[in-house]
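Participant: Using only what follows, build the 3D model:
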Amino acid sequence: MTTSNKQPKARALLDRLVAELELTVVVALAYVGAMVIVAHGIKLVQDSLYDHPLLVPSLVFLPHGVRILAAYLVGARSIIPLAVGTLIGVSLGLDGNTDPSAILIPGIFCSYLAFKIFELSGAAFKPGFSSLRQWRGLVLVSFLAALFNGLGIVLILVLSGLDEGEALPRLFVYVVGDTLGAFVLLWGMMRLGRLYRLKIDAQG
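Facilitator: Residues are numbered from 1 along each chain as shown. Sure thing, here's the model as predicted:
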């Protein structure tokens, strides 16, 4: 009897581990893919437009959009997959940053924290991207998450020796880059969702 009870529990645990592994792979690959687009696409265009290197790798940081989507869809379960994706991206040299590696830590938690604050304020986010109101809400969350990320990064940099006079410009460009990156990715998801619905309606 005891053995028969243990088997379903073991199977359920195994299924859960497999599901978490699949989630980690999907989110990590999406994050790394976004970093590849930034490093080998957006950054090249950005560098051709500016004579001097900017304070951040990209003014349209698409990986922040992946952070928002992951936290939106799976909540706290997004933290480990985002950490894995971040580590892989850094190990491949895709971050394009010479700052201390500790500045990557705020980005892993910022989106989940932003969603929790919105939830505590009474905001509710339904599944899907069809509603313009929902999309605007996600953009607001992405801005708050970008602010948390920027503040965390700047604090770490100041503690590491960054001149305090450079803190505000750094914060500004990090917030702008993250917010624009999330805006672009979320807009793309909304457009794809609408095209998919139009296709379904046409087939119906």
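
Participant: Please count neighbours and contacts with C-alpha atoms only from this point.
Facilitator: Fine.

Participant: which regions of this structure sit below the pLDDT cut-off?
Facilitator: Along the chain, segments meeting pLDDT under 70 span 1-5, 51-57, 96-100, 127-131, 204.

Participant: quick one: contacts for the most centrally placed residue in the chain?
Facilitator: Centroid check for the chain by Cα atoms, centre = their mean gives Arg67 as the closest residue, at 1.6 Å. By Cα atoms under 8 Å, 6 or more residues apart in numbering, the residues touching Arg67 are 31, 78, 82, 107-108, 111.

Participant: could you dump those residues to JSON lines with neighbour count and distance to Glu22?
Facilitator: Below are the contacts of Arg67 laid out as JSON lines (neighbours: other Cα atoms under 10 Å; distance: Cα to Cα, whole Å):
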{"residue": "Tyr31", "neighbour count": "26", "distance to Glu22": "14"}
{"residue": "Ser78", "neighbour count": "26", "distance to Glu22": "12"}
{"residue": "Leu82", "neighbour count": "27", "distance to Glu22": "13"}
{"residue": "Gly107", "neighbour count": "24", "distance to Glu22": "21"}
{"residue": "Ile108", "neighbour count": "22", "distance to Glu22": "18"}
{"residue": "Ser111", "neighbour count": "31", "distance to Glu22": "21"}
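
Participant: Nearest to Ser91 among the residues you listed?
Facilitator: Ser91 has its nearest neighbour among the contacts of Arg67 in Tyr31, at 13.3 Å by Cα to Cα.

Participant: got the contact list for the closest one?
Facilitator: 63, 66-67, 82, 85-86, 89.

Participant: Apply 6 Å and report the result again.
Facilitator: 63, 66, 85 (Cα atoms under 6 Å, 6 or more residues apart in numbering).

Participant: Alright, that wraps it up for me.
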